[in-house]
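Peer 1: predicted structure and sequence below. I'll ask about it afterward.
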Amino acid sequence: MQSSQGSSTHNVPEHTGIGARIPRRELKRLLSGNGRYLDDIKLPRMLHLHFVRSPHPHARVRGIDIEAAKCAPGVAAVFTGADLNPMCEPFVGVALHRPGHRSARQYLLAQERAVWQGQPVIAVVADSRAEAEDAAELVTIDWEALPIVADMEQALDQNGPVIHPELGGNLAFDFSLEKGQPATAFAEADLVIEEELRFERQMAMTLESRGLIADFNPGDQSLTVIHSHQSPFQMQDVFSRHFKIPEHKVRVIAPDIGGGFGMKLNLYTDEVATVAASMRLGRPVKFSVDRLESFVSDAHARDHRIKARIALKKSGEITAMEVDDIGAVGAYGMPMRFNVAEGMMAITIAGAPYSFENYKARTRSVYVNKNLIGMYRGVGMPLACVVTELLTD
């Protein structure tokens, strides 16, 4: 007879769910090939949009020639920033609950300057994706390369270039916290361990890339967006507020999502520009990034330099910890999701697994000429865990 020990999970009432095998409800449908993703959906009179993106990390737009692209086969329209930007309120990615956080305004398309390689500049709309891509190659932009801010140390250099002159510098956010008497604890420590850690940028590689189909109905001024996004209610609010459409006339449909990992929680101006294009044309417009586009337009994660140290007694007891973090968050604050979260979580979590009374930490977010940092799964936690593990190993 089998003892109760070792088989206790089989005696748990099924209705609790604890210890029970719970099948995913959607697996049978997906494994049988009945998933419904963005590319499975085709609307009548649907057009396709492709963006011309900046090849420079920082450059001034001195002139644009779109006439040849407008005459290309299948082209319905070619839009510049002057066409679409006035339709939508600009985005300011500032966390209002974090005093001192600041960001420049971000528009749908770069108009006077591009501030990262991959920023959308021109939207080409055509009968097919291939025709839109072909026409995009006919667009001519006269660029003037500008000084580049490439990393966090350069961003903090008072004599270096400033990305947004209206901000007066590249510092986006500066936050410190202190508990106990860390200076005294380090002075009296038997052993002090110090490390400088670098966390490089990373990105999500979802099987299904970002995309949406925007369908504005000029008859009743309603908007339907079929969106490969993890937060449809967030986007309903965004479309309603920024385009001045009553919320009850905005519907966002999220079909099956082929991977997200938090990358599809963020707000992207190229996706909002697709909605603007549909409103201008009164027809459904589809936009979906290809894999190469995703590298330069999908939100990134990490990109931190962390200096940390820990004070110990000879017995191995931790008496104090200090963490100094700088995160390069890209060219703007991420609208809605904010890109100060990684640094905040890193400094508030790093000391959490241990019992000690003296702690000091600082996080700074700086702007650089790179794509925006967004919110990813486990935001901030890997940084904190690695810092703690290396210091206590």
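Peer 2: Great, that's in hand. Just so it is clear, the model here is predicted, and its values are computed rather than measured. Numbers count the residues shown, from 1 in each chain.
Peer 1: where along the stretch 101-250 of the chain do the helices fall?
Peer 2: Taking DSSP state H, counting those that start in this stretch as the criterion, the stretch 101-250 of the chain carries its helices at 129-136, 152-155, 182-187, 232-243.
Peer 1: typo on my end, it should be the stretch 251-393 of the chain
Peer 2: Using DSSP H, counting those that start in this stretch, helices in the stretch 251-393 of the chain cover 269-281, 291-297, 341-349, 381-392.
Peer 1: for Glu178, which of those is the nearest?
Peer 2: helix 341-349 (10.9 Å; C-beta to C-beta). Where C-beta positions appear, they are placed from N, C-alpha and C, glycine not excepted.
Peer 1: list the buried residues in that closest one.
Peer 2: Residues of helix 341-349 classed as buried: Ala341, Glu342, Gly343, Met344, Met345, Ala346, Ile347, Thr348, Ile349 (neighbour count, 16 or more other C-beta atoms under 10 Å).
Peer 1: who touches the closest residue to the third one other than its chain neighbours in this structure?
Peer 2: Spatial nearest neighbour of Gly343, excluding adjacent residues (C-beta to C-beta, 6 or more residues apart in numbering): Thr363 at 3.5 Å. Residues touching Thr363, when contacts are defined by C-beta atoms under 8 Å, 6 or more residues apart in numbering, comprise Phe173, Asp174, Phe175, Ser176, Asp325, Ile326, Gly327, Val340, Gly343, Met344, Ala346, Ile347.
Peer 1: go through those residues and name the one nearest Ala311.
Peer 2: Looking across these and measuring by C-beta to C-beta, the closest to Ala311 is Ile347, at 16.9 Å.
Peer 1: tell me if I'm right that the closest one and Lys360 touch.
Peer 2: No. Using C-beta atoms under 8 Å, Ile347 makes no contact with Lys360, being 9.4 Å away.
Peer 1: what would the helices of the stretch 101-250 of the chain look like in TSV with mean pLDDT and distance to Ala59?
Peer 2: Converted to TSV, those look like this (pLDDT from 0 to 100; distance: least, C-beta to C-beta, whole Å):
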stretch	mean pLDDT	distance to Ala59
helix 129-136	98	18
helix 152-155	95	18
helix 182-187	97	45
helix 232-243	97	26
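Peer 1: make CSV from these and add distance to Ser103 and mean neighbour count to it.
Peer 2: Formatted as CSV, the helices of the stretch 101-250 of the chain follow (distance: least, C-beta to C-beta, whole Å; neighbours: other C-beta atoms under 10 Å):
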stretch, distance to Ser103, mean neighbour count
helix 129-136, 29, 20
helix 152-155, 14, 19
helix 182-187, 31, 16
helix 232-243, 16, 18
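Peer 1: export those to a markdown table and append columns for distance to Lys249.
Peer 2: Below are the helices of the stretch 101-250 of the chain laid out as a markdown table (distance: least, C-beta to C-beta, whole Å):
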| stretch | distance to Lys249 |
| --- | --- |
| helix 129-136 | 28 |
| helix 152-155 | 42 |
| helix 182-187 | 55 |
| helix 232-243 | 8 |
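Peer 1: relative to Asn369, how far out is Asn159?
Peer 2: Distance, Asn159 to Asn369, by C-beta to C-beta, to the nearest Å: 17 Å.
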